[in-house]
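S.K.: coords below, sequence missing:
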């Protein structure tokens, strides 16, 4: 009897071990610290990638994710992209209820299958299969089993065990097997802090991470990718669509790309050639010539994105752009370069990760053919400085790249080799908005104002678009921009867009009834009529993340306010000057001899990276500014 | 003689001005034009749109629908370049589908005073399989420049009889529009112009004769078998709908319009019935009785309502012991909401079928709400389906099924109707998801009768806020807020807060309230959807008081005072829809701090919008050292028409001003 009992124990125990997956299918087994702040928990994510041959790679993945509530649904992420070079060998999903009981099984043919075209692209041969599932109850668990074959080795899937905000990870493993004869580039960050186990050896990369808690998004957070474990791998010898390359260094990669993908694609028609040559006739300065060429491209082409096969990487021939007069970023950049070549101005095709809000670098120490850029611009070296041309815009001033490709490391491709270069940094004082106004205040508290706004740098980009909107929307824009003033009536609007100095001027005339409030013999008004800070950073009781101010700016205001004849000043505001590491704010109001008041304000915010402990101070700075901006003065009727 | 000269001059004048709208005959004048005269802000204009829909007779196949499209578009500037790309959505389920054929396109430009034509080549044309049911044919024109004129023509062939909606208005102006639809008498369509459109077109209808020559095959078997063909003439009538229009204004967007398409001028077609040459009629829809009949006969509708075996046991147990009908309704409604989840698909017919939906716990709108209706009926409740067209859809005016895309359950009790939609867990009786509240719904009764029902919510949505405020020595304010909100307000609150943790709830309530710290925030009845939402919190507010000299200023409504009047435009084209009438009520008690006296207070006042459209009241009371403010807004009229907008804007303006007025206290 005893023997049998022991036998059962022996039998049962291994089964328990074996059924670890069963445990993961049950939502009740999630460690409590992983549920905290999470909308979804990645229970298990196991990637096994094997390089089968120089141009074949197989990626097997098993992923188990428990979705805790409806905000976590996106983390099911049961989707796979495919195209001519990427084929899906296996794709299956199973869905389990909170007790781990299977409620649905989705086979490969049952996934939704759609074109992977995004909003800005006309056509792409990439497609995506994804799971469309309506949860019947929370939590639920999805098991996603896949096998994908790549006919290239140029891009190896990254490892990012913390997949997003409000998502925790119970277990994540990443194994990559390759021929040790082929060297590997590695980029690994934030491994130690998060206790990543790294058991890599020649021929095999092996990472494991366990019990990574959910991180909640906070305003001004840096990119999550920079704060959590992240690994990029790259084979030094890679293949892509029939090309065989080497990514030892950015320098070598650049040379290779130039020779394989760019060279010989810069011919244009005889007609265009003659046109360009006659346009630059008599010009010597390379910048002057480049300006003529840039304007020609802006006037004659438009942005249309078509991505097919190697066309996703290689620019279409300049001759083709010349014929159809459109192209994507690669095609238009290459076309601009072709024309600059013609007139003897040197310029280089440049890969960049473009994004308005997050400034994303191409990693200087990690050369890779794919996966670090999403856009192409043109680099013009000139007297030791760089000019950057955005060739997809038909309106952008020459050399203007604020708010999109500024202040980041980019990959400049030259015939003799590539190089990582920093694009133009728009400093706080360059990003100036200077507002001047003459205001006439009446006895009833009404105002009449003539306002002039001049914007530069990033602020130029924020404001110049207004000139192209419908007249009705322009009026609404100013009523909204000065929404703290009730009853605004816009009398006139005039603009001047000086693309040469990159300055946008707005001249606005407006009236507003009852701007100053009247109480008895007194008129109360805020002398800061046209630039009131209102968005104060969110308050966090316990800030967890460091914060980042991506770009600085500088606002100056100077208003002259004529007050009614029969009124005089009763109380003005004291001068205010606040200066700290975040920036500087000053506020003054003085009375002139000629019955007018002069209001001056300036506000600089610097870009910077700060510790979480500094957040309250930053928020207080904004609060003080916001409060001072609304402060009022009192005028009293002369007796 | 004079008359003749006049006449001659008139003709000559007319001739030189007439545009030639034959394909390829783009004029220099058109190329030189720099702005559209009637609407100089237009970035592009359709100079000519010619669209013909007809049915070709194809031997052995029957009628095949063909739509010919020819557009001539002027592009004035870079913001108009999007019009150089045309995308045509085509139905295609893999077995049969529509296709674009015979595409021909040119870009016209002026080069040194001469007209240059650039042809669209194959590399500018694309076809994409969008998903299981649709593909998209796209092309983009070469050599686009400011001022160019593009022309393209193509045909869409369709194996389907039904005709898609025809847009008569675009977001750019149309100078000339010429279209017709010719339908063989065997097919009968209901058609109507979008009733919400502002621009109303004139439509001409006529009947024309048509003849087809049909080949008949006779096979003769003698010594050598032979087939002989003979032609037969087949004559029948066609119904022709013709529209010729000039200067159609652009459809322009406006704030507070959730779906501009709702106001587009378009011709909507409903396939009503077919009548074969032998006179046999197959109905699709045409009168409400027929619509009702058709719907009840539809296997994805009527028979779905009749099935009950799959739930009988569960429902019998569920309603056992229910005291009355309303308890039965409530139990069944809650049961369906928790049992079956919505898969985001609309439709008045079932997708998976009620049985499967019940088993798997997932379904489309019809799966869920027809199941609900069937269960209510099983419990002897007088429940019927009500067909609805969602906000993103059109308005069904004619007896037709295609105008609908949604269904809810309607319980009729003592001349009253209770609407139930189980697709949204926060919906309650008569509080439907906003998507379903559109104009009117059609109750489809079992006996075959049907009636319209106005979907505008009848209940006034209430939000009551009670606030205390005590001013501290450092000019911060401490206080407490108690609030209660009903129906739609409660539903919105629940949807927003459903996944928030304690920290996120605090962030949400503190948002846009200035320098505030909220504590002891408690929400009651978050999960009891039939009850109002109640919440209470304490606050400390630092940024409310302004001190100048020996006076302090503050708005009694503190963080509840509006920052601006949201209605800024001077004029409106389209209505503003608040969906429901509401009543907001604030009661504020404020202590005057020691050492201060009241210098001035906002005066009590009442503002009205139209006679009974709305009323705003602001009442100030002083009770010893307690100031009391009662501020109420009753908006009875929740749908504001463009001609009422002026008054409405004024009403909001006065209200905003009043709510931002300040109390002035003076130091003694």
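M.R.: Received, thanks. Keep in mind it's a predicted model, so treat the numbers as computed, not measured.

S.K.: Now for residue A:593, how many residues are close by?
M.R.: 5 (other Cβ atoms under 10 Å in any protein chain shown). The way it works is simple: take the backbone N, C-alpha and C, and place the C-beta from them, glycine included.

S.K.: Close to chain A: what parts of the stretch 501-650 of chain B are there?
M.R.: B:501, B:503, B:506-507, B:510-511, B:514-515, B:517, B:542-543, B:546, B:548-549, B:553, B:563-565, B:568-570, B:599-600 (Cβ under 8 Å from any Cβ of the partner chain).

S.K.: From those residues, which land in strands?
M.R.: Counted as lying in strands by DSSP state E, out of these, are B:517, B:546, B:548, B:553, B:599-600.

S.K.: Which of the three states applies to residue B:377?
M.R.: Using DSSP: H, G, I helix; E, B strand; the rest coil, the secondary structure recorded for residue B:377 is helix.

S.K.: shaky segments in the stretch 351-500 of chain A?
M.R.: Along the stretch 351-500 of chain A, the model assigns pLDDT under 70 to no residue.

S.K.: Just the buried ones from the residues of the stretch 501-650 of chain B next to chain A, in ChimeraX syntax?
M.R.: A single ChimeraX command suffices to select whichever of those are buried according to 16 or more other Cβ atoms under 10 Å in any protein chain shown:
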select /B:506,507,510,514,515,517,542,543,546,548,553,564,565,568,569,599,600
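
S.K.: if we can go back for a sec, any chance of the ones in strands among the residues of the stretch 501-650 of chain B next to chain A in JSON lines with pLDDT as columns?
M.R.: Formatted as JSON lines, those follow (pLDDT from 0 to 100):
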{"residue": "B:517", "pLDDT": "93"}
{"residue": "B:546", "pLDDT": "87"}
{"residue": "B:548", "pLDDT": "80"}
{"residue": "B:553", "pLDDT": "91"}
{"residue": "B:599", "pLDDT": "90"}
{"residue": "B:600", "pLDDT": "90"}
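
S.K.: unless I'm mixing things up, residue A:244 is touching residue A:238, no?
M.R.: Yes. Judged on Cβ atoms under 8 Å, residue A:244 makes contact with residue A:238 at a distance of 7.5 Å.

S.K.: With neighbour numbers in mind, choose between the two.
M.R.: residue A:238 (25 against 14).

S.K.: my guess is that one meets residue A:369, correct?
M.R.: Yes. If you go by Cβ under 8 Å, residue A:238 and residue A:369 touch, sitting 6.2 Å apart.

S.K.: Mutual contacts of those two, please.
M.R.: Shared contacts of residue A:238 and residue A:369, defined by Cβ atoms under 8 Å, 6 or more residues apart in numbering or on different chains, comprise A:154, A:245, A:247.

S.K.: of the residues you listed, closest to chain B?
M.R.: Nearest to chain B out of those is residue A:154 (Cβ to the nearest Cβ; 25.6 Å).

S.K.: sec struct for that closest one, please.
M.R.: Put simply, residue A:154 is coil when judged by three-state DSSP.

S.K.: Check what contacts stretch A:375-387 and list those residues.
M.R.: Under Cβ under 8 Å, 6+ apart, the answer for stretch A:375-387 is A:286-287, A:290, A:315, A:329-330, A:333, A:336-337, A:340, A:345-354, A:388-391, A:398-399, A:401, A:405, A:410, A:412, A:421, A:423-424.

S.K.: Quick check: chain neighbours aside, which residue is closest to residue 269?
M.R.: As the question left the chain open, I've gone with chain A. Nearest residue to residue A:269, sequence neighbours excluded (Cβ to Cβ, 6 or more residues apart in numbering or on different chains): residue A:322, at 5.1 Å.

S.K.: please go with chain B instead
M.R.: Per Cβ to Cβ, 6+ apart, closest to residue B:269 is residue B:163, 4.2 Å.

S.K.: Could you do residue A:272 as well?
M.R.: Nearest non-adjacent residue to residue A:272 (Cβ to Cβ, 6+ apart): residue A:322, at 5.3 Å.

S.K.: can you tell me which residues contact that neighbour?
M.R.: Going by Cβ under 8 Å, 6+ apart, residue A:322 touches A:268-269, A:272, A:335.

S.K.: quick one, phi psi at it?
M.R.: For residue A:322, the backbone dihedrals (degrees, to the nearest 10) come out as phi -60, psi -30.

S.K.: Who are the contact partners of the spatially closest residue to residue B:662 that is not a sequence neighbour?
M.R.: Nearest residue to residue B:662 in three dimensions, chain neighbours excluded: residue B:553, at 4.6 Å (Cβ to Cβ, 6+ apart). Residue B:553 sits next to A:524, A:632, B:545-547, B:662-664 when contact means Cβ under 8 Å, 6+ apart.

S.K.: and residue 296, which of the three is it?
M.R.: If you meant another chain, say so; for now it's chain A. Under the three-state scheme (three-state DSSP), residue A:296 adopts helix.

S.K.: The intended chain is chain B.
M.R.: Under three-state DSSP, residue B:296 falls in the helix class.

S.K.: Could I get the contacting residues of it?
M.R.: Neighbouring residues of residue B:296 by Cβ under 8 Å, 6+ apart: B:302, B:305, B:444, B:446, B:448.

S.K.: how close does it sit to chain A?
M.R.: 28 Å (Cβ to the nearest Cβ, to the nearest Å).

S.K.: re earlier: for the buried ones among the contacts of residue B:553, write the corresponding PyMOL selection.
M.R.: Here is the PyMOL command that selects only those of these that count as buried (16+ other Cβ under 10 Å):
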select buried, (chain A and resi 524+632) or (chain B and resi 545+546+662+663+664)
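
S.K.: and the residue nearest to residue A:79 when sequence neighbours are not counted, how many neighbours?
M.R.: Nearest residue to residue A:79, sequence neighbours excluded (Cβ to Cβ, 6+ apart): residue A:130, at 3.6 Å. By other Cβ under 10 Å, the residues close to residue A:130 number 18.

S.K.: just to revisit the earlier point, chain B next: which of the shared contacts of residue A:238 and residue A:369 are close?
M.R.: Answer for these near chain B: none qualify (Cβ under 8 Å from any Cβ).

S.K.: Report the residue ranges of every domain in the chain.
M.R.: Picking chain A for this. A:26-240, A:247-422, A:432-637 (automatic domain parsing).

S.K.: wrong one, chain B
M.R.: Per automatic domain parsing, the structural domains of chain B span B:20-211+B:237-276, B:288-454, B:461-667.

S.K.: end-to-end on the longest one?
M.R.: What that stands for is domain B:20-211+B:237-276. End-to-end distance for domain B:20-211+B:237-276, by Cα to Cα, to the nearest Å: 41 Å.

S.K.: Check stretch B:31-49 too.
M.R.: End-to-end distance for stretch B:31-49: 17 Å, by Cα to Cα.

S.K.: any residue of that stretch up close to chain A?
M.R.: Yes. On the criterion Cβ under 8 Å from any Cβ, stretch B:31-49 is in touch with chain A at residue B:41.

S.K.: Can you give me the buried ones in that stretch?
M.R.: B:31, B:33, B:36, B:41-49.

S.K.: Equivalent analysis for stretch B:256-264, please.
M.R.: For stretch B:256-264, burial by neighbour count (16+ other Cβ under 10 Å) applies to B:257, B:262-264.

S.K.: Redo the residues you listed as CSV? Include secondary structure.
M.R.: Listed next are these as CSV, based on three-state DSSP:
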residue, secondary structure
B:257, coil
B:262, helix
B:263, helix
B:264, coil
